[in-house]
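1. Let me see the structure of the following:
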Amino acid sequence: MDSHKIYLSEEKETLLITLQAKALDSRSKNPILDDKKAEEILQLIDYDFEKINRFGNEIMVVRAKQLDTWLQEFIKKHPIATVLNLGCGLDTRISRINPPSTVRWFDVDFPEVIELRKSFFSNQEGYEMISSSVNELGWLEKIPRNKPVMIIAEGMLEYLTEEEVKGLLNRLTSYFPNGQIAFDVMNSFAINSGKNELKKTTGAVHKWAVDDIHDVDKLDSKLKRVANLSIFKSKYIHNLPFKTRLLYFSMCIIPGFRNMMRLILYKF
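-> Modelled structure (predicted):
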């Protein structure tokens, strides 16, 4: 298969950061995700991955694993369900989870991202890619709402404004009768620490910082918080190499660092 030249920019280009993190994990001695598909895709992409080597690969792998776990728990309880993966990028979650045929799965991202994604995935029975910004209105109507839904937004909502996040959450909870939604939030410390590097490397800008989790609770009255987990409290942190764990645990003394990324699970 020919290699694929990348012509993405800003937040669209950041999908390569998470792809690389998962691919590097698959090469490690004790992988957390063991995402061989991510490694396969990485090898087929023509891009200077050296320039995005400084974005906390381990944290992104732990985040993905924790979201995978919540999704697997949901599917176990609701084997006939809908999964909605927002801002999917080149994420291989559908391969990692390998859901039963009773699950209908939808991956949503910008048209140019889905165009690239179609080089590695194809629509098939139970799986469909939707080309759209999540801020547009029409795409949601393509998804059936007669089953419990699990919505994942991994590394995505930070690129929206708070008003856009509120609007998206309101549309989702109004459209689907019941389900869960899981996503990550970053605090001001994390966003300010990385904004110059992120903008210089990809042109992307994080717009939504969350310093008080209760501010998220207020965005949609239908959402009831089930879990609120610092990324450093995830059990999968313990799977990282000893030196990496030691570094993170020592830095967690700093309150801003301790809560730099949180994983939140809501039901509605």
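2. Contacts for stretch 207-219, please.
-> 157-162, 165-166, 169-170, 185-188, 190-191, 223, 225, 228, 262, 264 (Cβ atoms under 8 Å, 6 or more residues apart in numbering). All C-beta atoms are positioned from the backbone trio N, CA, C, and that covers glycine.
3. Next step: those residues restricted to strands.
-> 185, 186, 225, 228, 262, 264 (DSSP state E).
4. Looking at the residues you listed, which is nearest residue 11?
-> residue 186 (13.6 Å; Cβ to Cβ).
5. wait, doesn't that closest one sit right on residue 159?
-> No - using Cβ atoms under 8 Å, residue 186 is not in contact with residue 159, being 10.6 Å away.
6. Can you report how many residues lie near residue 70?
-> Counted with other Cβ atoms under 10 Å, the neighbours of residue 70 add up to 18.
7. now do residue 44
-> 12.
8. Please shift the residue numbers so they start at 22 in all later answers.
-> All right, first residue 22 from here; so that's residue 65.
9. Need phi/psi at it.
-> phi -100, psi 10 (degrees, to the nearest 10).
10. Closest to the centroid, which residue in the protein?
-> Geometric centre of the chain, nearest residue: residue 175, 1.4 Å, by Cα atoms, centre = their mean.
11. Check whether the spatially closest residue to it that is not a sequence neighbour sits in a helix, strand or coil.
-> Leaving out its chain neighbours, the residue that sits closest to residue 175 by Cβ to Cβ, 6 or more residues apart in numbering is residue 88, at 5.6 Å. Assigned with DSSP: H, G, I helix; E, B strand; the rest coil, residue 88 falls in the helix class.
12. pLDDT score assigned to residue 88?
-> Note on residue 88: pLDDT of 98.
13. ok, it - contacts?
-> Residue 88 sits next to 114, 173, 175, 203, 205, 284 when contact means Cβ under 8 Å, 6+ apart.
14. Check for me that residue 96 belongs to a helix.
-> Yes - secondary structure assignment places residue 96 in a helix (three-state DSSP).
15. isn't it right next to residue 118, touching?
-> Yes - if you go by Cβ under 8 Å, residue 96 and residue 118 touch, sitting 7.3 Å apart.
16. which residues do these two both contact?
-> residue 104.
17. Show me which of these two is the more surrounded one.
-> residue 96 (19 against 16).
18. Got the confidence number for the closest residue to residue 132 other than its chain neighbours?
-> Distance criterion Cβ to Cβ, 6+ apart; nearest residue to residue 132, sequence neighbours excluded, is residue 152 at 4.0 Å. If you check residue 152, the pLDDT there is 97.
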